[in-house]
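Enquirer: For reference, the sequence and a predicted model appear below.
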Amino acid sequence: MRRNLVKVLMLVMLIALCIWQIALLWLGDMSSHNFLVKKDAIQNVILVQPKAMWVNTGGIAYKIDDSKNEYNMLINELRSFVVKGVKNSEMDKDTDKEYEELLSMPGILYEYDLNLGLQELIGNRVADVPNNIAVSQIFVDMSEYTDNKTSLYLVTEDAQNIYKATFYNRLEGHQKIMERFNNPEVTQNLMGYQPSATSNQKQNIAGNNFLPLNTKEAPIEYKVLQVTNPIEENAGAEKINILEQYVNSFFDNPLLKEIDEKGDGSVIFSENMRAIVKYEPAGTLEFNYTSANQETKLTSIERLTKVMAFIRGCTGIPTFLKERIYLTQIVNQGEESIYKFDYKYKGFSMQLSDAIKDKLGLDHILEITIKNNQVIRGKWSVLKIEEDARTNYGTAKVSRGFREIVDEMYEVYIKNKDANSPLEAVQCQYVMDTTNGEMNLKWVVLYQNKWYYP
Amino acid sequence: MKHSKKIGMITAFICFGILSTSVYASEVTTTASNVKVETIEKDDKKIEIIVSEDKYVRITQPTKVNTSTFESKINIMGETSQGTDIVIEVYNTKPSKNTISKDAKVYKLNTVGITETFNQLIELLEGENKVVLIYTNTKDKKNQEEMIYYITRESEETKEKLKSMIIIPGTRDSDSSKSVQLGVLK
């Protein structure tokens, strides 16, 4: 009797192992077929990171450090605040406030790089959140210290339309941050910024740029970053081993993929012509899915959610890159939408110089294409960007102020101070002009669609 | 009864208004500023600016001869001719003392360029800050000319008092009864 029981148990175990093995062989990585996990788990995470967040004290603005906890705390507080309170909120589509007026008021400004629907900015598909208006800035008004009322101003990219949303609740975290930045001891050693729209540079700079108030005596101190290609530090089988860690997640059965090493150092991985992943020694990874595309149409927030889920789950995209990218552009081409992301480090955006754009074949550090409901293509830099680990090394300064830069632009490059078109952007950004060496913070100016480095 | 209460309130407000004006006026006379306030039109809006006696230098921020603020720093912005050299000296009177300190914080600005604008972030100490803007432009025969005006940084105590203050008593339902506009003093 006991012998029979042992036999039955062993049989059951063997049957279970058979089922598991067959499932593994048929389905490959089973994580994507797990129907017990809610598909929209990403719905409640931050979908779009702001390019920058500012505390405006009324006169001078201060940047909120994106490497600190308070940054995500504020975003999360605003998200849940809008989702919970939107039902009872009031939307005023015809506010008499002008953009310059907002920038003179105490408050916290969320600055995005493109116009997006409120649902995308909030990262929630709650039906009550209106998505028929696209804005690029959210200003949380802190000028009135009331018990149970908060006003949010939603500003379009061209600052021509401002909507006011009134919520009957308070943003405690935002209030605390505001109070902290109103303390002179806290702001004593922080870099102050002047909104260009409320400055005497309003005629010279289009829209609004937060201009650092740095001088020779009080310069911007920043970390010099090092750019390296970690893959090219290895060769032969070791290089392939490292690359496999990046590319295996693209294939149903990584063991069966084909590897084609080219003479120029590039490597192509493919699997039955379904997926092709190409590594270029300049420091990029590119993939193409060639399988039949499903024709389900997605809404804009569903597309964005899909792209962000892909980025989060893709082992081919370096983790440091995932943590510091922000959405900068969406290009719609027929059935395809290309999502372009830029990189920022400690609140400073990074741009690729024209030479590096050509070398990498990328306009932005990460580009993902979605067609219908499937991510079909992507390309990004795998270059490592890090601080120099050596102590007392790698810190540098930007001493020249914005006025010198604007003067130099008009004097040296434009040679006409009464030029009809104003400067389109005046900012301090990291500029990647090498794929193996130092990366510094520089003044960059956009004028008539061309970047200048005065 | 209701009417007498209202009349009392209005009288109190009028008294407060008269008193505050007289305090403001006395400040102007004690402080020897040598600048003028002018109203100009920019982008179809009337804005006030401070101008030097010879109208050579125009300050677009701050825009009052005596400005009050809670800020510890202020970005002075202005316009003048290209090639002008500017030095800004800031002297402070501590709230407890009546004399202005002899030690000044000195800011030497870069020569004004083609955009004919200038700006300088200055630090303010609590109490009255006397701002002396010295400008020189040999081409226009301006030699060490001075503009003097004042910025008062209100104390943190005043700020806290204002925050907890109830402005309009008797209007329980109004939101304004509970609110203080922090942006009023700039």
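Expert: That came in fine, so what should we check first?

Enquirer: quick one, what contacts the residue in the stretch 101-250 of chain A positioned nearest to chain B?
Expert: Per C-beta to the nearest C-beta, A:Pro184 is where the stretch 101-250 of chain A lies closest to chain B, at 3.5 Å. For the C-beta atoms, the positions are set from N, CA and C on the backbone; glycine is no exception. Contacts here follow C-beta atoms under 8 Å, 6 or more residues apart in numbering or on different chains; on that basis A:Pro184 touches B:Ser72, B:Glu156.

Enquirer: per-residue pLDDT, the closest residue to chain A within chain B?
Expert: Here the residue of chain B nearest chain A is B:Gly113; by C-beta to the nearest C-beta that distance is 3.0 Å. Reported pLDDT at B:Gly113 in the predicted model: 94.

Enquirer: tally of neighbours for it?
Expert: Neighbours of B:Gly113 under the rule other C-beta atoms under 10 Å in any protein chain shown: 19.

Enquirer: In contact with it: list those residues for me.
Expert: A:Arg403, A:Glu404, A:Val406, A:Asp407, A:Glu408, A:Tyr410, A:Glu411, B:Gln82.

Enquirer: Mind checking what secondary structure it has?
Expert: Secondary structure, DSSP: H, G, I helix; E, B strand; the rest coil: B:Gly113 is coil.

Enquirer: mind checking the backbone torsions on it?
Expert: phi -100, psi -160 (degrees, to the nearest 10).

Enquirer: what do you get for B:Ile114?
Expert: Backbone torsions of B:Ile114, given as degrees, to the nearest 10, read phi -60, psi -30.

Enquirer: what sits against it?
Expert: A:Asp407, A:Tyr410, A:Glu411, A:Lys417, B:Gln82.

Enquirer: pLDDT score for residue 44?
Expert: I'll assume chain A. For A:Asn44, the model assigns a pLDDT of 54.

Enquirer: oops, I was thinking of chain B
Expert: We note a pLDDT of 75 for B:Asp44 in this prediction.

Enquirer: Now the residue of the stretch 251-400 of chain A found nearest chain B. Nearest residue, chain neighbours left out?
Expert: Here the residue of the stretch 251-400 of chain A nearest chain B is A:Arg400; by C-beta to the nearest C-beta that distance is 8.9 Å. In space, A:Arg400 comes closest to A:Trp443 once its chain neighbours are excluded; the distance is 6.7 Å by C-beta to C-beta, 6 or more residues apart in numbering or on different chains.

Enquirer: Report the secondary structure state of the one you found.
Expert: Per three-state DSSP, the secondary structure class of A:Trp443 is strand.

Enquirer: was I right about it contacting A:Pro454?
Expert: Yes. Here A:Trp443 lies in contact with A:Pro454, judged by C-beta atoms under 8 Å, at a distance of 5.8 Å.

Enquirer: More neighbours: which of these two?
Expert: Using other C-beta under 10 Å, the more surrounded residue of A:Trp443 and A:Pro454 is A:Trp443, with 22 against 17.

Enquirer: quick one: contacts for the more buried one?
Expert: A:Val398, A:Arg400, A:Phe402, A:Ile405, A:Val426, A:Gln427, A:Cys428, A:Tyr453, A:Pro454.

Enquirer: ok, what's across the strand from it?
Expert: A:Cys428 (DSSP bridges).

Enquirer: ok, now how distant is the residue nearest to A:Arg400 from B:Ser72?
Expert: Applying C-beta to C-beta, to the nearest Å, the value for A:Trp443 to B:Ser72 is 27 Å.

Enquirer: again with B:Pro62
Expert: From B:Pro62 across to B:Ser72, the span is 14 Å (C-beta to C-beta).

Enquirer: Of those two, which one has the most company?
Expert: Shown here are B:Pro62 and B:Ser72; by other C-beta under 10 Å, B:Pro62 has more neighbours (23 against 20).

Enquirer: Show the pLDDT at residue 94.
Expert: Unless you meant another one, I'm taking chain A. pLDDT, A:Asp94: 67.

Enquirer: Correction: the question concerned chain B.
Expert: Note for B:Lys94: predicted pLDDT of 65.

Enquirer: try A:Val331
Expert: 95.

Enquirer: hang on, it packs against A:His364?
Expert: No. Contact between A:Val331 and A:His364 fails when scored by C-beta under 8 Å: they sit 10.5 Å apart.

Enquirer: quick one: common contacting residues for the two?
Expert: In contact with both A:Val331 and A:His364: A:Lys340, using C-beta under 8 Å, 6+ apart.

Enquirer: Tell me which of the two has more neighbours.
Expert: The residue with more neighbours, out of A:Val331 and A:His364, is A:His364; 21 against 12, by other C-beta under 10 Å.

Enquirer: which residues does that one contact?
Expert: Contacts for A:His364 (C-beta under 8 Å, 6+ apart) come out as A:Thr328, A:Gln329, A:Lys340, A:Phe341, A:Asp342, A:Leu352.

Enquirer: for the third one, helix, strand, or coil?
Expert: Read that as A:Lys340. Assigned state for A:Lys340: strand (three-state reduction, three-state DSSP).

Enquirer: what about it, neighbour count?
Expert: Around A:Lys340 there are 20 residues (other C-beta under 10 Å).

Enquirer: B:Val106 too?
Expert: 11.

Enquirer: For beta bridges, what are the partners of it?
Expert: B:Glu89.

Enquirer: how close does it get to B:Glu123?
Expert: From B:Val106 over to B:Glu123 the distance is 12 Å, taken as C-beta to C-beta.

Enquirer: How about A:Tyr453?
Expert: Taking C-beta to C-beta as the measure, A:Tyr453 falls 31 Å from B:Glu123.

Enquirer: okay, those two: which has more neighbours?
Expert: For A:Tyr453 versus B:Glu123, neighbours defined as other C-beta under 10 Å are more numerous around B:Glu123 (17 against 11).

Enquirer: what's the nearest residue in space to that one that is not next to it in sequence in contact with, if anything?
Expert: Spatially, and ignoring its direct neighbours in sequence, B:Glu123 is nearest to B:Lys73 (5.6 Å; C-beta to C-beta, 6+ apart). By C-beta under 8 Å, 6+ apart, the residues touching B:Lys73 are A:Gly59, A:Ile60, A:Thr187, A:Gly192, B:Leu121, B:Ile122, B:Glu123, B:Leu124.

Enquirer: Among those residues, name the ones in strands.
Expert: A:Gly192, B:Leu121, B:Ile122, B:Glu123 (DSSP state E).

Enquirer: Scan the residues you listed and report the most crowded one.
Expert: With neighbours taken as other C-beta under 10 Å, the top of these is A:Gly192, carrying 22 neighbours.

Enquirer: For it, which residues count as its bridge partners?
Expert: With DSSP bridges applied, A:Gly192 shows beta-bridge pairing to A:Tyr62.

Enquirer: That one reaches A:Lys63, doesn't it?
Expert: No. With contact defined as C-beta under 8 Å, A:Gly192 does not count as touching A:Lys63 (9.5 Å).
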